[in-house]
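In: Fold the following, please.
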Amino acid sequence: MWSILILVLSVLVVKFVTHRNQFNDPHKLKYCGVRTRFYSYINNLRTMNRVFERLGYVMVNASHGDDWDVMWTIEYPFLIENRNKLFDPIFERPLKPHQRINHFISITSLTNKDFLTIQNQDLDFILPSFKIPKQIKELKEFAAKNPNMTFVEKDLDNRGVRIVNLKKMKFDKPKLYQQFMEKPLLIDGRLFDLGVFIVIASVDPLRVYRYATEALLRFCPERYHPFDPNNRAKYVIEETSAHYMQIPDIAAYTEQFGYSCQRALEEILRKRGYDVTA
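Out: Numbering: from 1, shown residues only. Model (predicted):
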């Protein structure tokens, strides 16, 4: 259904850390973890805290005026409107030359599904998509020509995913509508999404490297057939997603042969006749 490209920037931060440790006492380096409203993702931040601690960083709080070298935040910090006020003390003045953030301005253009789908409609593997309210007219015209077609509806904050037809569409707030893929690729009878791990080595010019030996698979909690559009567990991957080790088709390779998640996926696709060398 929706294949999501996940940008994992942990190694980018490690790159900054390694560079700075060549010139500084590691016990004097500081790392800022801003307590944002997304701090409820406690496991993610605990992992990052352990990484920085092992690299000699000390936890401080830039929202209270502490100096810092690296800031790690789940929340995108550059939006002026509706921005968490905890960021205000940090961005009320220009960043210092030594300060690094795990986001850069406009990085959302590389990851937001509404941008990726709308801006790449010339690619034949991207299903028709419409951003509301800007493309209401185009969406209605397309749906009228395809009366039996269903669409995936998604809020622009990556929530509220459901399957609808034209009659059930509501144009009360910004949304993304994309043609629903009727015959998706399944593993163990389940829908899944695929994430790849990358390192952004340079922003200007943009230089990106992808890890070739591992990927991340997430599976829907329930099998796709018999399909029920009212049962989101069959086609939406959320916090309740099934771990790939719970999927027999994947576990058969990871447990018996010690394959990585990506290697297991490649073997499954190769047996189905797909070219996995691209």
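In: and the lengthiest strand in the chain, average pLDDT?
Out: Counting by DSSP state E, the longest strand found in the chain is strand 206-219. Average pLDDT, strand 206-219: 88.
In: start at 680 instead
Out: With the count now opening at 680, the last piece we talked about shows up as strand 885-898.
In: what about that strand, distance to the chain center?
Out: Distance, stretch centre to chain centre, for strand 885-898: 12 Å (CA atoms, centre = their mean, to the nearest Å).
In: for it, packing partners?
Out: If you count contacts as 3 or more CB pairs under 8 Å, 6 or more residues apart in numbering; DSSP states H and E, strand 885-898 packs onto strand 871-882, strand 921-922, helix 940-950. Just so you know, the C-beta spots here come from the backbone N, C-alpha and C atoms, and that holds for glycine as well.
In: Including mean neighbour count and distance to Ile815, could those go into TSV?
Out: As requested, these are arranged in TSV below (neighbours: other CB atoms under 10 Å; distance: least, CB to CB, whole Å):
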stretch	mean neighbour count	distance to Ile815
strand 871-882	16	28
strand 921-922	14	36
helix 940-950	17	38
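In: Arg838 in helix, strand or coil?
Out: Three-state call for Arg838 (DSSP: H, G, I helix; E, B strand; the rest coil): coil.
In: pLDDT at it, what is it?
Out: 73.
In: cool, Phe906 as well?
Out: 94.
In: correct me, but it touches Cys899?
Out: No - Phe906 is not in contact with Cys899 according to CB atoms under 8 Å; the separation is 11.3 Å.
In: any common contacting residues for the two?
Out: Residues touching both Phe906 and Cys899 by CB atoms under 8 Å, 6 or more residues apart in numbering: Lys913, Tyr914.
In: what's around Val902, how many residues?
Out: For the record, residue 902 is Arg, not Val. Neighbours of Arg902 under the rule other CB atoms under 10 Å: 15.
In: re earlier: ok, the longest strand of the chain: who's next to it in the sheet?
Out: Applying DSSP bridges, strand 885-898 is found paired with strand 871-882 (antiparallel), strand 921-922 (antiparallel).
In: how far out from the middle of the chain is the first one?
Out: In this case it means strand 871-882. Remark: strand 871-882 is offset 9 Å from the chain centroid, using CA atoms, centre = their mean.
In: circling back: quick one: which of Phe906 and Cys899 has more around it?
Out: When Phe906 and Cys899 are compared for neighbours, Cys899 comes out ahead with 24 against 11, by other CB under 10 Å.
In: Where does pLDDT dip in the chain?
Out: The model of the chain has pLDDT under 70 over residues 680-723, 758-763, 837, 957.
In: All the strands of it, residue numbers only.
Out: Under the criterion DSSP E, the chain carries strands at the ranges 709-712, 737-739, 749-751, 779-780, 808-811, 830-834, 841-843, 854-858, 871-882, 885-898, 921-922.
In: Let's have those strands in TSV, adding distance to Leu802.
Out: What follows is these, written out as TSV (distance: least, CB to CB, whole Å):
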stretch	distance to Leu802
strand 709-712	38
strand 737-739	43
strand 749-751	33
strand 779-780	31
strand 808-811	11
strand 830-834	17
strand 841-843	23
strand 854-858	13
strand 871-882	17
strand 885-898	18
strand 921-922	29
